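Engineer: Pasted the sequence and its predicted model underneath.
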Amino acid sequence: MKRTIAFVFLMLAALLTSGCAAKTVYSGEFTLQNEETLRGNLVIYSGDVTLEEGSRVTGNVLISSGNLYANGEIDGNIVMTSGDIYLGYKSVVHGDINNTSGDIHRTEGSRIERQALT
């Protein structure tokens, strides 16, 4: 029951913030390349996300279905409803990570400054 409530809450949050998102992807892959900065939230409804080394998202990363391969910096939270999160050795997450249906894979050197919940 808690997972269902969390899922509904996360989906509502994603829908509400998608109007404020710097980037919204409805289907497909998204890559933020080395030294690129995305100012604002990143909202992905279906697809994989790659944050290359040296990249930065200044807001939250919200993924409904897909995987996150992060080796960059995320200033906000990561919210994943279905998929896995892979944190590379250069990744830094300044906020919380909440993955309701998947795993968090961490490489030595990755940093999560707040909580990681699965």
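Structural biologist: Received the coordinates, thanks.

Engineer: C-alpha from now on. contacts and neighbour counts both.
Structural biologist: Will do.

Engineer: show me the contacts for D103.
Structural biologist: Contacts for D103 were tallied using CA atoms under 8 Å, 6 or more residues apart in numbering; they are G83, D84, I85, T118.

Engineer: for the first one, what are its contacts?
Structural biologist: Spelled out, it's G83. Per CA under 8 Å, 6+ apart, neighbours of G83: S65, G66, N67, L68, N99, S101, G102, D103.

Engineer: quick one, helices of the protein?
Structural biologist: 2-18 (DSSP state H).

Engineer: rewinding a little: in TSV, list the contacts of G83 along with pLDDT.
Structural biologist: Formatted as TSV, the contacts of G83 follow (pLDDT from 0 to 100):
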residue	pLDDT
S65	94
G66	96
N67	97
L68	98
N99	93
S101	89
G102	92
D103	95
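
Engineer: Relative to E35, which of the residues you listed is nearest.
Structural biologist: E35 lies nearest to L68 out of the contacts of G83, by CA to CA, at 17.9 Å.

Engineer: Tell me the bridge partners for the closest one.
Structural biologist: V49, I85 (DSSP bridges).
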